[in-house]
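1. Show me the folded form of this:
(one chain, ligands or ions: 2)
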Amino acid sequence: MRISKVTISGVRNIGSSELMPCPGLNVITGDNGSGKTSFLEALFILGSARSFRTSSLKSVVSTGEQNAWVFGEIEGGFCSASQTQGVEVSSRGKVRARQNSVSVANSSVLAYTLPIQLINSDTFLLLDGSPKFRRQYMDWALFHVEQNYSEYWRRFNRGLKQRNRLLRYGKLASLKQELQPWDEELSVCAMKIDRLRKTHLVELTPLIETKFEQMCPIPGLGVSYKPGWDDSIEYKESLALSLERDRAVGYTKDGPHRSDLVITLDGLPAVDRLSRGQSKMLVCALKLVQGDMLSASRGYKTIYLIDDLPSELDAENRRIFLSQLKLSQGQVFITAVDDDFIVEAYTEEREKIAVFHVEHGVFSRLV
Ligand SMILES: Nc1ncnc2c1ncn2[C@@H]1O[C@H](COP(=O)(O)OP(=O)(O)OP(=O)(O)O)[C@@H](O)[C@H]1O
Ligand SMILES: [Mg+2]
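-> Numbering: from 1, shown residues only. Ligands and ions are numbered 1, 2, ... in the order given. Sure, this is the predicted structure:
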């Protein structure tokens, strides 16, 4: 997929702007505080009705404005005609989304049409953050590739809430009986989620290893999956065995909601072993591989939003990463204070580059 036109109004310091990005690399340059990250945030909102910076979407609405909106024309889907997508956020935080002029109640519809991978300083959380970030990473591809995955995940979470409520407030005498239908439901969903994740990782792991080898030739990378419970038994059994403990703590401790992706180097946590720049290369490899997988399975190209590329990478690693981005053939938006090193790396394909400069939220095209 690619965005052929984007119109933004009232997003942080961006008053009103219309841009025609190119299908390849789009570089957005500007001084600190000029609106580079705000632009990426607008694109992210277009693809998810969420911000990558804040859970309170209303804070993206420009001070003094009633609402913010982003509207995009999208090409490259199954149908040859372009599609449109728009998200409006009111200053009270109300979000309205439309696709092809029809209201969209569930923002996953937006994400499904416009697959976006973001790389910014928070991407390091994939290595040094809580397991939640690595679960989100695994689930991104499964959401896009496995039709039923989201439904099982939604059902699992609904069941988990009910089970936890019963663990806390249910009557002790009838607890087992009351839990039984939820344990059944949780088990069906957990076994399915687990199987899909494991199958996905069997495909993903060698791709990660190869990509990392190409980007940062340090041997010994290992990727493994922790399912979140003792998976030598069925989840239903695991729930039964840990009932007393779960009741004592008041929530369900084990399950796919506690799974993790363990990334190691020579058997040690990769984050403890790699330098900051090498870690950045690894998280970039992880992100690129997801896009490659999506492209191979659905034929869709992922859109990459990269905030402040130069930070943490030396010239050689920037060159390697840019050439890998080129290989992905997806549309790319990169922000940087200075564009010299990016344009140089792409000079042989100038027609696929657009360079925009932003000042006080106003964009002008340089190349
Ligand atoms: N709700 C808002 N209304 C108006 N302006 C805002 C709002 N939120 C943030 N801003 C301003 O928007 C400007 C652009 O911020 P942004 O993060 O996009 O800058 P940037 O170009 O990415 O800078 P840097 O190079 O420092 O990362 C900042 O000056 C910020 O103070
Ligand atoms: Mg910024």
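2. The residue of the chain most remote from its centre: helix or strand, and which one exactly?
-> Distance from the centre of the chain peaks at A173, with 43.9 Å (C-alpha atoms, centre = their mean). Element membership of A173, judged by DSSP states H and E, is empty: it is in no helix or strand.
3. Over in the stretch 151-300 of the chain, which residue gets nearest ligand 1? Let me know.
-> Residue nearest to ligand 1 within the stretch 151-300 of the chain: K280 (16.7 Å; C-beta to the nearest ligand atom). For the C-beta atoms, the positions are set from N, CA and C on the backbone; glycine is no exception.
4. Touching, that residue and E312? I think so.
-> Yes - with contact defined as C-beta atoms under 8 Å, K280 counts as touching E312 (4.7 Å).
5. of those two, who's got more company?
-> Per other C-beta atoms under 10 Å, whichever of K280 and E312 has more neighbours is K280, with 24 against 17.
6. Surely the more buried one forms part of a strand?
-> No - secondary structure of K280 (DSSP: H, G, I helix; E, B strand; the rest coil): helix, not part of a strand.
7. Model confidence at it, what's the number?
-> Looking at K280, its pLDDT is 94.
8. residues near N106, how many?
-> For N106, the tally of surrounding residues (other C-beta under 10 Å) stands at 11.
9. gap between it and N148?
-> 15 Å (C-beta to C-beta, to the nearest Å).
10. before we move on, which element is the most centrally placed residue in the chain in?
-> For the chain, Q117 is the residue whose C-alpha lies nearest the centre (C-alpha atoms, centre = their mean; 5.1 Å). Using DSSP H and E, Q117 falls within strand 116-119.
11. Tabulate the CA atom coordinates of that strand in CSV.
-> C-alpha atoms of strand 116-119 as CSV (Å, rounded to 0.1, in the frame of the first residue of the first chain):
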residue,chain,number,x,y,z
ILE,A,116,2.3,0.7,9.1
GLN,A,117,5.6,0.0,10.9
LEU,A,118,7.0,2.7,13.1
ILE,A,119,10.7,3.0,14.0
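12. distance between that strand and the chain's centre?
-> 6 Å (C-alpha atoms, centre = their mean, to the nearest Å).
13. List the strands paired with that strand, with their directions.
-> strand 303-306 (parallel) (DSSP bridges).
14. Beyond the partner strand, next helix or strand please.
-> Once the chain leaves strand 303-306, the next helix or strand it forms, by DSSP H and E, is helix 315-328.
15. helices or strands up against that next one?
-> helix 175-215, helix 276-298, strand 303-306, helix 340-345 (3 or more C-beta pairs under 8 Å, 6 or more residues apart in numbering; DSSP states H and E).
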